[in-house]
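# Need coordinates for the below:
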Amino acid sequence: MNKKMKTIIFTLVFLSLLLLISPAMAEETTDASWHQFHKDAAHTGSSTADAPDNNHVLWESPEIEAIAASSPVIADNLVFVNCDVKSAGTTNLTALDLNTGEVVWSEEIGARTWGSWASPAYNNGRIFTTMGPLVTCFDAVTHEKIWEKMNPTGQASCNGGPTIADGKVFSEDWQGGYYYARDETTGELLGSYQVFQSGPQGPRAQGTPTYYDGKLYLTSASYQYHNESGALREGYLYCVDANNLSNEKWRHDFENGLWGTASAENGIVYVATYDFFDGEGGDIYAFDANTGEVLWNNENAIKTTDGTIALAYGNIYVAGGYMSGQTYCFNGTTGELIWQTDPDLVIGSWTNSVTVADGKVYAGKDVGIGGMRFGYEHLFALDAYTGEILWKGEHGGASPAIYDGKVFTIDDNGRVYCYGEGNDTVDLNVTDITATGFYNHENTITATIANDGSSYAGDVTVSLLIDGSLMDSTTIGIGGGFSKNIDFLWTPELEGDYNITVTAEFTGTDVDNSNNQRTLPLNVVDADADLVPQPFFKRVYTYQEYKIPVVIKNIGYKASNPCTVRVEKVNMPTEDIVIPSIAPGESLTINFTEYVGAGNNRMNVTVDIYDETPEVKGISGGESNNALICEGPNANGKVAGVSPIAIPSPGIGDWEQFQQGALNNGVTANYGPSDDTPDLIWKKDDFNGPVDVVPIIVDDKVYVYSSSGSLCCYHKDSGTFIWISQTEPGLLQTSTPAYGVDYCSRGCIIVATFGGDLYSFNAETGEKNWKRHVSDDGFELPVTYQDHRIYIADGLGPAAGTKHVYCYDDLGNFVWKHAHNDTAGFIWAGAAVVGDYVTYPVQEGILVSLYTANGIVADEVNLSSDVGFAVGSPGRFRGSVVYNDGYIYCTSEKGNDEGYLWKVGFDNTTGTFIDNGWSSMVGFSTSTPVIYDDKVYVGTGEHGDAGAFVCVNDSDGQIAWSFETNGGVKSSPVLSTYYENNPYIYFTAATMNGSLFCIDTNGMLIWEYNPPADDEYVLQGVALSDGKVYYGTDAGYLYCIGGDWNCWNDIPSADGRIISLNEIQNAILYWKYNSPSPGTGHVITLQEIQNMVLYWKYNAPL
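Here you go, the predicted model:
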């Protein structure tokens, strides 16, 4: 063999070796590396690496629009993050320099779908990502795309990213219900596993696959479904052979959903659950990894979560809570709680997968806005053994990654932050002192101690000195960047002036001792309580019963004793009300009942009629100001009765509340677009937030309420902006407003907010008339308005318990409230007013009828037991009721594939329910039915699932036909009877890229409208007016959709549907100059002109 041949052979062998070990210099996976989501293929979430002892930010990246709840991975001196680059309309995988945070490269990947917060994964020199329906593999350093594959179902992944192990890439397709295995090198599909299916759509495969000891641990969740035994469940955990996904080892089902990812270590698999419906809390489970045996479980141990459990030091760590976060530590062997963070600090959240290293737990604080925004604004380091806060960072907090003594995390602002390499510093600062000063009274002195340094300060001695003499001290620890309030108790024996001094001393080095103490001059007085009834004036409607509020204020210096208040009324007997103690400077509102007559109704209010509480003598009035005696024309303490006006009937084109009127019937004689091709007339987005309620239409104005808290008014035909007013922003703002008319004939828009406030705005100007805070559980159902009264109810809030239905008048006066115990609350389940009764569903399956006058129960019926057509487990009632011709109609949902439509007899003269009607299993439904011509029309299906619009025979509840849709129909339909021989029905589908549908009463599609460049959810239904439908989407648009090209033949035109000669002449001008028709934009043709002339000639409606 010659030398040249040897050289060639050597070169070929060398190149072959390069290919075998390609890519060159790939970073090895070790105990200290962080290559995949939650560290490794088993998602243990803990590292042997060092981790920062202080909150020093080493670098922050440019604003790359990193996905807010996603997590970075680190390899090859790069930090990899998924980014939703809205500014460019792309989804990117971006690599940052490990040491500087500068962008090294960024490549477009599959489009983010369903708001996914999935993380990428690294292995052997390659970086993998799953976004949209694509699985993509890049060279980590050169960013060359090596391969890209489509999920076989074409469905997009959501939240669960890829896992790399054993030469394979494991991924999911969420709504498709599959997990996949692909060859890591080529992307070739090696196998798939379908999660349990029960309904048309089945549960979702959402978690990041977990690889441990040759097996995969997979999760699935649903908005409820039935398992193989028919039990109602929400979650599954599966164990399958990683080399053969069709080989299932075991499975376990759960009452609550597994929306997150499993973690595995030492032969144990851990999962945490999310209670999607009741919000009562999350469960944690430990399983034998080989057999699936439950080793222990702890139900309702945590707040509900999608987070992944971290494993370290024999413990497990997890965060949970929707807008109310906490972080927890449990014993990994027994499940016993070791510590939990203070819920008031809101550390951790339901999308937060905490991580552990170097004796520390890293968890984030979310921005607290909710909805589809999952961002974080602070990072906390906690002691892994005690939960003590070691430091607080001002940025980031999304599921952190830990590597080489640093922590990497994403902030809500779209930047990545790297903590590490800073100096440990302590700077104690006594920032504030507050105190009460009462002689012979135990006073509380509160000092705020901050550590403005970067690291934890232990053994901090906080001392209280009175006039320089030490009175008390305590020893605490304070995390860097954090503060604590310390309370001392003190009982001075003498009146006079005192200097209250608090000091904070540290055994180590304090970088600035000048701010370690603070002094508060305090005047101590000998004084008692002083209770004073405050003047009041209320304007209410005459000849009705009201709860009249009176404020009792303690303007003294000590807390009062419980005592009795007497109210002498005009039209009802004197009322004595016992009140509790009132702290100094505080107030208490009492409510007395009065039947209000016309004119000024003067009341006398006297506090402490039995001298039960000592009061100040001579300082601020004492006993002399206990009575509010209302005498003379200008006396305060009056209730003015005004006569309610007759509310005008709505115009034919008006849509004044959720389903048009207080009966929620959703049927209108007005007409909607009926052409085969609907047209966009205009769209608006001035309100800067999603729209999840039905627009309100009155006269020539349309009103829309957004999750940003903005209420906007537009001209309904042109879309011209008129005014905007603001309430507080909320989660989704699912309470449809209502239009009312108050006593002075002033039109008003009534708005109920997610924060629990009730507003009235002037319908013409947008000026706020009044605001009342009503509920701490918020509002999530439509406002019902009838005869000057507003009906609303508590939302789900943070937990189940006692919830109330409220009645206010349109002047903002509280009228009554009715309590329901042990209920989850009211979401979408609005009331109907039927004569003298207000009726509504309770989520747990009870229909209620109350007297509108006073909120007293007229009747209740339990649909699981009290009627002949009862269903033992009827599901949750999350839709508004509708009254029609002696019956109440409503819906319930029990899972993806089960739910009921109900028809229940109702006597509108007595307010009682009648055992007459039926229940029909139509499928999951939160839709409010429409009843017309012996048929009942209703939407079915959960958001994101395949759904259907169903027609049911009113006589027996049997399904007549079903119109299939690509998303659940959660909206309530609108039916137009204008076209007498063929009414039209309008509704929306609740899915990403959702559509607006028009069908006829035979279930035939007339048209479908899908707004261009808007792929967000459509949750609510539509309002219909004068040939147009109005609706909004989660993309933040209000749409006006028309279908008739001819603007000269509709109701608003001069001669209605009859074409006049003047209108033909006008149309000819637009044709002559080839100009778009006013209002529709259609360019009219000569043939259309000729057609109009024929209709004019025979005086026929066009």
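# average pLDDT for the host helix or strand of residue 146?
In the assignment (DSSP states H and E), residue 146 maps to strand 145-150. Here strand 145-150 scores 97 as its mean pLDDT.
# mind listing what's buried in it?
146-147, 149 (16 or more other C-beta atoms under 10 Å). For glycine as for every other residue, the C-beta is placed from the backbone atoms N, C-alpha and C.
# Closest to residue 1077 out of those?
Set against residue 1077, the nearest of these by C-beta to C-beta is residue 149 (49.0 Å).
# and that closest one, what is it in contact with?
Contacts for residue 149 were tallied using C-beta atoms under 8 Å, 6 or more residues apart in numbering; they are 134-136, 182, 187, 189.
# Just give me the closest of those residues to residue 976.
Once C-beta to C-beta is applied, the member of these that ends up nearest residue 976 is residue 134, at 42.4 Å.
# Might one say that the closest one is in contact with residue 108?
No: at 10.4 Å, residue 134 does not count as touching residue 108 under the criterion of C-beta atoms under 8 Å.
# my hunch is that residue 402 is in a helix, does that hold up?
No: counting by DSSP: H, G, I helix; E, B strand; the rest coil, residue 402 is not part of a helix but strand.
# which strands and helices sit next to the next helix or strand after the strand holding residue 146?
As assigned by DSSP H and E, the chain's next helix or strand after strand 145-150 is strand 163-165. Strand 163-165 sits against strand 121-123, strand 168-172, strand 210-212, with contacts defined as 3 or more C-beta pairs under 8 Å, 6 or more residues apart in numbering; DSSP states H and E.
# Off-centre distance for the longest one?
From the chain centre to the centre of strand 168-172 is a distance of 31 Å (C-alpha atoms, centre = their mean, to the nearest Å).
# ok, it: who's next to it in the sheet?
With DSSP bridges as the test, strand 168-172 is paired with strand 163-165 (antiparallel), strand 178-183 (antiparallel).
# Buried deepest among those strands, which one?
Compared across the strands paired with strand 168-172, strand 163-165 shows the largest average neighbour count, a mean of 27 (mean count of other C-beta atoms under 10 Å).
# got a list of contacts for that strand?
So strand 163-165 is contacted by 35-37, 41, 43, 121-123, 128, 169-171, 184, 208-211, 242 (C-beta under 8 Å, 6+ apart).
# Could you rerun that using 10 Å?
Under the contact criterion C-beta atoms under 10 Å, 6 or more residues apart in numbering, strand 163-165 has outside partners 29, 35-38, 40-43, 121-124, 126-128, 130, 137, 169-172, 179, 181-182, 184, 207-212, 214, 216, 242, 261.
# Which one (most neighbours) among the contacts of residue 149?
residue 135 (27 neighbours; other C-beta atoms under 10 Å).
# Confirm that one sits in a strand?
Yes: inclusion of residue 135 in a strand is indicated when three-state DSSP is applied.
# This protein - how does it break down into domains?
19-419, 428-524, 531-642, 667-1042, 1046-1102 (automatic domain parsing).
# For residue 651, find the nearest of the ones you listed.
So among those, domain 667-1042 is nearest, using C-beta to C-beta, at 6.7 Å.
# got the end-to-end distance for that closest one?
This stretch, domain 667-1042, spans 19 Å end to end (C-alpha to C-alpha, to the nearest Å).
# starting at the chain centroid, how far to it?
18 Å.
# re the thing from before, would you mind grabbing the residues shared as contacts by residue 134 and residue 108?
With C-beta under 10 Å, 6+ apart, residue 134 and residue 108 have common neighbours residue 91.
# correct me, but residue 281 touches residue 320?
Yes: using C-beta atoms under 10 Å, residue 281 makes contact with residue 320 at a distance of 7.9 Å.
# between these two, who's got more neighbours?
residue 320 (29 against 19).
# From residue 272, how far out is the more buried one?
To residue 272, residue 320 is 7 Å away according to C-beta to C-beta, to the nearest Å.
# which neighbours do these two share?
260, 282, 284, 301-302, 304-307, 328, 350.
# Next, format the helices and strands packed on strand 163-165 as a markdown table and append distance to residue 95 and mean pLDDT.
Output for the helices and strands packed on strand 163-165, formatted as a markdown table (distance: least, C-beta to C-beta, whole Å; pLDDT from 0 to 100):
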| stretch | distance to residue 95 | mean pLDDT |
| --- | --- | --- |
| strand 121-123 | 10 | 98 |
| strand 168-172 | 19 | 97 |
| strand 210-212 | 24 | 98 |
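# Any idea which of those strands gets closest to residue 904?
Comparing the helices and strands packed on strand 163-165 by C-beta to C-beta, strand 168-172 comes nearest, at 42.3 Å.
# Now do that closest one against strand 145-150, angle only.
Calculated by axes from the mean of the first three to the mean of the last three C-alpha atoms, to 10 degrees, strand 168-172 forms an angle of 40 degrees with strand 145-150.
# can you pull the contacts of residue 657?
650, 664, 694, 696, 736-740, 750, 782-786, 830, 1023.
# for residue 47, same thing?
The neighbours of residue 47, taking C-beta under 10 Å, 6+ apart as the test, are 30-34, 39-40, 310, 312, 355-358, 401-404.
# Distance of it relative to residue 272?
20 Å.
# is it true that residue 574 touches residue 604?
Yes: with contact defined as C-beta under 10 Å, residue 574 counts as touching residue 604 (9.0 Å).
# Neighbour count: the two, which is higher?
With neighbours defined as other C-beta under 10 Å, residue 574 and residue 604 compare such that residue 604 has more, 18 against 10.
# Find me the pLDDT at the more buried one, would you?
90.
# what's the answer for residue 13, then?
In the prediction, the pLDDT value recorded for residue 13 is 40.
# Residue 623 now?
Looking at residue 623, its pLDDT stands at 64.
# again with the one 3 residues further on
On pLDDT, residue 626 comes in at 84.
# ok, now residue 1045?
On the pLDDT scale, residue 1045 is placed at 58.
# before we move on, what about the one 5 residues further on?
The predicted local confidence for residue 1050 comes out at a pLDDT of 51.
# Ok, residue 464 next?
98.
# what sits against it?
433, 435, 445, 447, 470-474, 486-490, 500-503.
# Please convert the buried members of the residues you listed into PyMOL selection syntax.
Buried subset of those, written as a PyMOL selection, criterion 16+ other C-beta under 10 Å:
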select buried, resi 433+435+445+447+486+488+490+500+501+502+503
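# how near is residue 320 to residue 1036?
From residue 320 to residue 1036 the distance is 29 Å (C-beta to C-beta).
# cool, residue 979 as well?
33 Å.
# Format the domains of the chain as a markdown table; extra columns: distance to residue 654.
Below are these laid out as a markdown table (distance: least, C-beta to C-beta, whole Å):
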| stretch | distance to residue 654 |
| --- | --- |
| domain 19-419 | 30 |
| domain 428-524 | 54 |
| domain 531-642 | 23 |
| domain 667-1042 | 5 |
| domain 1046-1102 | 13 |
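# Quickly, which of these bottoms out on average pLDDT?
domain 1046-1102 (a mean of 73).
# Now residue 492: closest residue in space, sequence neighbours ignored.
residue 524 (4.8 Å; C-beta to C-beta, 6 or more residues apart in numbering).
# Please disregard the earlier target; I meant residue 478.
residue 451 (4.1 Å).
# And for residue 714?
In space, residue 714 is closest to residue 702, 5.3 Å off (C-beta to C-beta, 6+ apart).
# Wait, the one you found touches residue 711, no?
No: with contact defined as C-beta under 10 Å, residue 702 does not reach residue 711; the gap is 11.5 Å.
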